[in-house]
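Pasting the sequence and the predicted model now:
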Amino acid sequence: MCGIVAYVGEREASPIVLSALRRLEYRGYDSAGIAGLVTQGGLPFEVRRCEGSIDRLEALISRQPILGTAAIGHTRWATHGRPSERNAHPHRYQEVVVVHNGIIENYRKIKESLKGHRFESETDSEVIAHLFQKELDRSGSFEESCFRVVKKLEGAFALAVMWTKAPGKLFVAKNHCPLLLGLGKGESFVASDIPALLEYTRDFVILEDGELAFVEKSGAKVYDFEGKLLTKKTRRIEWSLKAAEKDGYEHFMLKEIHEQPRVFQDSLRSRIAKDLESVVFDELSWKDKDWKSFKRVSLVGCGSAWHAGLVGRYWIEQIAKIPAEVDLGSEFRYRQPVLPEKTLSVAISQSGETADTLAALQEAKRRSASLLAITNTVESSLSRLAKNVLYTYAGPEISVASTKCFTAQLSVLLLVALKLASVHKTRSASWMKKALKAVHAFPRSIEELLKSELEIKAAAEHFKSGSEYFYLGRGLHYPIALEGALKLKEIAYINTQAYPAGEMKHGPIALISSAWPVVCVAPNSEVLPKFISNIEEVRARGGRILCFGTAGNRELESLSEVFIPIPEVREELSPILVNIALQLFAYHMSVLRGCNVDKPRNLAKSVTVE
């Protein structure tokens with residue numbers, strides 16, 4: 001992990017690769033590097049690497065320029081070996097230079113087979129460069145060596161490779177890590193994600209698992225790992241670069257929080273009939289009879305996507321009256337799940353490349369479940385595996401902490417619950433119409449909430465001295481307490497624990513004191529009276545209450561040290577709304593503490609290893 005870029009053409013390569021790497025910063029990284037090769041054979045590589053930011057790499061290159069019209073670059077998030085210059089990519093060995101994303105599971109075995117080779121780094125990736133050189137020494141053929149090497153690698157990998165004796169040619173390969181080609185006039189590009197290259201091209205070829213390509217300035221030839229030449233479709237992407245800029249906000253996260261009225265509206269995308277009486281998923285192959293056949297729903301996700309799944313479970317069971325279960329992607333396979341016939345397996349992932357979620361969906365496929373992906377990324381590995389995909393249409397999310405993509409995931413899950421309720425007739429037509437009317441109008445409620453930002457910022461200032469926090473929720477709002485606590489951990493580096501409020505008396509209440517602020521996620525709901533009793537218990541023990549509750553609830557306001565009013569909406573929609581308030585609270589806490597809001601330490605946007 002975490003980002004690959006490559007270029008071959010007629011322009012100076014290193015500025016292009018450097019610029020594209022900046023577009024991948026949202027994926028998270030701890031070191032970066034670039035290698036260049038001039039287009040006259042036999043000349044050595046120029047390699048520049050550093051621990052830390054791309055700014056440091058750019059400064060290094062300005063002092064020691066990399067000349068030439070072919071280059072590969074990389075941003076690394078450590079998986080084997082600590083963050084350091086010597087572990088940074090590209091890795092060079094004699095005539096070969098390599099960048100790699102993923103994990104080579106058999107790297108120790110390969111290392112043992114490379115007798116007499118001296119390794120400079122602690123990484124699994126370096127063995128790839130040595131293995132290439134060994135094959136090149138044996139055959140002298142770049143193409144033959146490439147096919148032989150990929151067959152010897154086990155695990156997840158995306159590769160970009162250059163050889164001094166094949167100037168102007170790049171080799172790339174993909175297996176369970178994202179990689180794509182960008183095509184221009186007299187130049188070609190490689191990247192881990194589309195936004196990296198939008199400044200240079202709109203035409204892309206998406207590589208599938210088990211595919212490799214030889215890339216030159218005139219274009220690319222794509223093969224499978226067995227050597228069969230493939231015909232690949234070129235896809236035209238119409239995203240604007242403006243979508244990836246801050247638009248005047250101090251941070252990408254704040255910009256993305258404020259985009260959520262539009263994001264929610266976009267996620268509906270013709271999915272509600274014009275008469276507001278039904279949910280329509282024209283992008284799926286399933287008809288109503290197929291939806292009606294589903295008797296159970298299994299949801300999987302990681303991090304925030306898991307929290308979205310927890311909310312989805314409540315909706316599916318409460319609205320559609322269908323049994324639902326939620327698993328962490330990293331745990332799903334290992335509990336040997338029982339998926340009865342007619343199970344709908346729903347995988348949720350912003351990037352569509354989350355390795356644990358992909359593995360979970362593959363397990364569900366092996367167990368004959370019907371597959372549905374919810375993702376923000378077109379042509380991602382998850383969408384290709386599931387076939388049936390509901391895109392969230394949130395646009396590029398640059399900040400590592402998920403905000404608008406989480407909201408979009410919730411909106412799609414709510415539509416899934418409403419669709420199931422409709423076909424199973426668990427709700428009346430009049431109930432359905434009222435619900436869909438509320439969903440259709442909901443962006444206005446988000447806009448209303450965002451007007452309270454100064455109030456939420458003041459709450460952050462009031463509680464900024466807290467070194468540890470409790471988050472409490474009940475019922476439909478417990479997953480939102482989990483998500484709110486995660487955001488505070490991620491971007492403000494505050495130790496935060498989230499519990500169902502009813503569980504406080506079973507142990508956690510022993511920690512309650514004036515030193516731990518308690519955030520209560522308490523919009524109006526059928527369990528609110530019991531929640532108020534839990535808040536009384538906390539208050540009686542000196543707990544400092546920050547309450548996010550429905551506007552006008554005087555009882556909650558009287559119990560709170562600080563009360564943040566949330567616009568009143570249908571109970572089904574309140575988790576989405578109160579979560580946005582918690583996002584703003586976490587954001588302002590992070591700013592007040594001087595943290596790196598958009599790129600928190602040790603985190604990656606796209607987690608492509610297990």
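Alright, I've got the coordinates.

make it CA atoms for all contacts and neighbour counts henceforth
Will do.

can you list the residues that contact stretch 437-456?
Contacting residues not belonging to stretch 437-456 are listed as 258, 260-262, 264-265, 268, 272, 276, 564, 566-567, 569-570, 573, 577, 581, 584-585 [Cα atoms under 8 Å, 6 or more residues apart in numbering].

Which parts of this protein belong to which domain?
2-243, 247-450, 453-592 (automatic domain parsing).

picking up where we left off before, just the buried ones from the contacts of stretch 437-456?
When these are checked for burial by 16 or more other Cα atoms under 10 Å, the buried set is 258, 260-261, 264-265, 268, 272, 276, 564, 566-567, 569, 573, 577, 581, 584-585.

burial measure for Glu561, as a count.
Glu561 is flanked by 17 other residues according to other Cα atoms under 10 Å.

Tell me the spacing between Glu397 and Phe252.
Applying Cα to Cα, to the nearest Å, the value for Glu397 to Phe252 is 8 Å.

same question, Thr75
Thr75 sits 20 Å away from Phe252, going by Cα to Cα.

Return the residues in contact with Cys276.
Small correction: residue 276 is Leu, not Cys. Under the criterion of Cα under 8 Å, 6+ apart, the contact list for Leu276 reads Lys433, Leu436, Lys437.

What segments of the stretch 251-400 of the chain are helices?
Per DSSP state H, counting those that start in this stretch, the stretch 251-400 of the chain carries helices over the ranges 252-258, 260-268, 288-293, 304-315, 329-332, 355-366, 381-386.

Quick check: buried residues in stretch 268-287?
Neighbour-count burial for stretch 268-287, with 16+ other Cα under 10 Å as criterion, is recorded at Leu268, Arg271, Ile272, Leu276, Glu277, Ser278, Val279, Val280, Phe281.

Pull the contacting residues for the last one.
I take that to be Phe281. By Cα under 8 Å, 6+ apart, the contact set of Phe281 is Arg271.

Next, the contact list for the nearest residue in space to Arg236 that is not next to it in sequence, please.
Spatially, and ignoring its direct neighbours in sequence, Arg236 is nearest to Asp203 (4.8 Å; Cα to Cα, 6 or more residues apart in numbering). Asp203 is in contact with Gly182, Leu183, Gly184, Thr234, Arg235, Arg236, Ile237, counting by Cα under 8 Å, 6+ apart.

Buried only: go through the residues you listed for me.
By neighbour count, with 16+ other Cα under 10 Å, the contacts of Asp203 hold Gly182, Leu183, Gly184 as buried.

Looking at the residues you listed, spot the one nearest Val423.
Ranked by distance to Val423 (Cα to Cα), these are led by Gly182 at 42.7 Å.

Give me the secondary structure label for the closest one.
Three-state call for Gly182 (DSSP: H, G, I helix; E, B strand; the rest coil): strand.

Val190 is in contact with that one, correct?
Yes. If you go by Cα atoms under 8 Å, Gly182 and Val190 touch, sitting 5.9 Å apart.

Tell me which of Thr75 and Phe252 has more neighbours.
Under the criterion of other Cα under 10 Å, the comparison of Thr75 against Phe252 puts Thr75 first, with 34 against 23.

that older thread, from Lys433, how far off is the residue nearest to Arg236?
Using Cα to Cα, Asp203 is found at 42 Å from Lys433.

now do Ser402
31 Å.

These two: which is more packed in?
The neighbour comparison of Ser402 against Lys433 (other Cα under 10 Å) goes to Ser402, with 22 against 16.

how far away is the more buried one from Phe252?
Taken as Cα to Cα, the span from Ser402 to Phe252 is 11 Å.

re earlier: enumerate the beta-bridge partners assigned to the residue nearest to Arg236.
Asp203 forms beta bridges with Leu183, Arg236, as assigned by DSSP bridges.

per-residue confidence for it?
Per-residue pLDDT puts Asp203 at 95.

just for the stretch 51-200 of the chain, where's the confidence low?
Across the stretch 51-200 of the chain, the ranges flagged by pLDDT under 70 are 79.

Going along the chain, name the strands of it.
70-76, 91-93, 96-104, 155-163, 170-175, 180-183, 188-191 (DSSP state E, counting those that start in this stretch).

would a markdown table of those with distance to Ala324 be doable?
Shown next, in a markdown table, are the strands of the stretch 51-200 of the chain (distance: least, Cα to Cα, whole Å):
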| stretch | distance to Ala324 |
| --- | --- |
| strand 70-76 | 38 |
| strand 91-93 | 47 |
| strand 96-104 | 32 |
| strand 155-163 | 31 |
| strand 170-175 | 32 |
| strand 180-183 | 36 |
| strand 188-191 | 38 |
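
and those, which is most packed in?
Of all those, strand 70-76 carries the top mean neighbour count, a mean of 32, counting by mean count of other Cα atoms under 10 Å.

CA atoms only for the helix or strand that contains Ala35 - export them in PDB, please.
Assigned by DSSP states H and E, Ala35 falls within strand 31-37. Taking Å, rounded to 0.1, in the frame of the first residue of the first chain, the C-alpha atoms of strand 31-37 are listed here in PDB:
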ATOM      1  CA  SER A  31       6.800   7.700   2.600                       C
ATOM      2  CA  ALA A  32       7.100   8.400  -1.100                       C
ATOM      3  CA  GLY A  33       9.500   7.900  -4.000                       C
ATOM      4  CA  ILE A  34      10.000   8.200  -7.800                       C
ATOM      5  CA  ALA A  35      12.400   6.500 -10.200                       C
ATOM      6  CA  GLY A  36      13.100   7.700 -13.700                       C
ATOM      7  CA  LEU A  37      14.900   6.300 -16.700                       C
END
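
For it, which strands pair with it and how are they oriented?
By DSSP bridges, strand 31-37 pairs with strand 46-51 (antiparallel), strand 70-76 (antiparallel).

So what touches that strand?
13-14, 17-18, 43-54, 57, 66-77, 83-85, 88-90, 97, 164, 167.

Over to stretch 132-146?
Stretch 132-146 is contacted by residues Tyr93, Gln94, Glu95, Val96, Arg148, Val149, Trp163, Ala166, Phe171 when judged by Cα under 8 Å, 6+ apart.

Asn106 versus the third one, what's the distance?
What that stands for is Glu95. Distance of Glu95 to Asn106, computed by Cα to Cα: 23 Å.

Looking at those two, which one has more neighbours?
Set Glu95 next to Asn106 and count neighbours by other Cα under 10 Å: Glu95 wins out with 19 against 13.

give me every residue that touches the more buried one.
Listed by Cα under 8 Å, 6+ apart, the contact set of Glu95 reads Pro44, Gln133, Trp163, Thr164, Lys165.

partner residues bridging Met162?
Counting by DSSP bridges, Met162 forms beta bridges with Val97.

thought it was touching Tyr93?
No. Using Cα under 8 Å, Met162 is not in contact with Tyr93; the gap is 10.9 Å.

give me every residue that touches Ile4.
For Ile4, the contact set (Cα under 8 Å, 6+ apart) comprises 21, 72-75, 99-101, 160, 179, 190-192.

Skipping adjacent residues, who's closest to it in space?
Ile4's closest residue in space is His74 (Cα to Cα, 6+ apart), at 4.7 Å.

pretty sure that neighbour is touching Ser19, no?
No. Look at His74 against Ser19 with Cα under 8 Å: they stay out of range, at 11.7 Å.

As CSV, the contacts of Asp203 with distance to Gln409 would be great.
Shown next, in CSV, are these (distance: Cα to Cα, whole Å):
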residue, distance to Gln409
Gly182, 29
Leu183, 32
Gly184, 34
Thr234, 28
Arg235, 25
Arg236, 25
Ile237, 22
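
of these, closest to Glu25?
Nearest to Glu25 among those, counting by Cα to Cα, is Gly182 at 18.7 Å.

Please tell me how far the closest one sits from Lys109.
34 Å.

picking that back up, least confident of the domains of the chain, on average?
With a mean of 90, domain 2-243 has the lowest mean pLDDT of the domains of the chain.
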